[in-house]
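In: Sequence below, structure please.
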Amino acid sequence: MEYLSLFRMPTPMKITGRSSSITNAFINSIIPVVPPSAEEVKRALEILGMTPETFQCAYCGSVASEWDHLRPLVKNKKPTGYISEIHNLVPSCGKCNQSKGNKGWKTWMLSNAKLSPSARGIKDIPERVKRLEAYENSKAPTKMDFAAIVGPDILAQHQNNLERVQSLMRESQELAAKINVGVANSYKASVGRNN
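Out: The predicted model follows:
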């Protein structure tokens with residue numbers, strides 16, 4: 001075995017690589033989180049065809065590790081109006097949650113997006129879609145007009161803060177790239193002198 005085949009360089013970090021995480025943090029920070037009752041969780045699982053013993057990802061059937069927002073909270077860097085409540089949450093595995101992102105759940109499930117149930121060849125997708133449709137139709141999730149509640153100026157100020165942070169991230173990335181080139185060139189020069 002070749003030694004270099006065992007080695008993998010760390011992925012270079014980019015400050016701007018965290019842009020979507022920052023956007024999600026800004027939006028999620030203003031969205032209410034409403035804990036469900038035990039009865040609400042039981043009812044949700046019943047509609048999804050699950051029990052505590054058969055608890056699984058609603059999308060693919062793998063081990064559920066989290067609850068995913070069926071309808072996205074963020075779209076185009078703005079809140080959609082949906083909140084974190086049981087009527088907008090389904091059990092999910094990490095692969096499905098990450099792959100789905102803020103796409104519509106049904107379109108994503110049936111697509112060839114990386115790690116979607118269709119792309120992974122999950123066999124019972126039609127049954128899963130039916131259960132998710134029944135869940136979606138059982139009770140509409142709350143949708144709120146944040147601007148009407150707090151005032152459009154306050155919401156615009158929050159959005160402006162997000163833009164300022166992301167602008168600073170882009171500016172910082174440019175500066176970091178210049179520093180990186182300078183340090184890399186210095187390293188190459190010092191290695192050249194030592195040979």
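In: Same question for the strand or helix carrying Ile22: list its buried residues.
Out: Per DSSP states H and E, Ile22 falls inside helix 19-28. Neighbour counts using 16 or more other Cβ atoms under 10 Å place 19, 23, 26-27 of helix 19-28 among the buried residues. Where C-beta positions appear, they are placed from N, C-alpha and C, glycine not excepted.
In: could you point out the longest helix in this structure?
Out: The residue-count maximum for a helix in the chain (DSSP state H) belongs to helix 152-194.
In: show me where pLDDT drops low in the protein?
Out: 1, 194-195 (pLDDT under 70).
In: residue closest to the middle of this structure?
Out: Geometric centre of the chain, nearest residue: Gly101, 4.5 Å, by Cα atoms, centre = their mean.
In: what's that residue sitting at in phi/psi?
Out: Backbone torsions for Gly101, taken as degrees, to the nearest 10, come to phi 60, psi -130.
In: if I look at it, how far off is Lys75?
Out: For Gly101, the distance to Lys75 equals 10 Å [Cβ to Cβ, to the nearest Å].
In: Please apply the same query to Ser111.
Out: Relative to Lys75, and taking Cβ to Cβ, Ser111 is found at 17 Å.
In: Please apply the same query to Gly182.
Out: 40 Å.
In: do the same with Asp153
Out: 21 Å.
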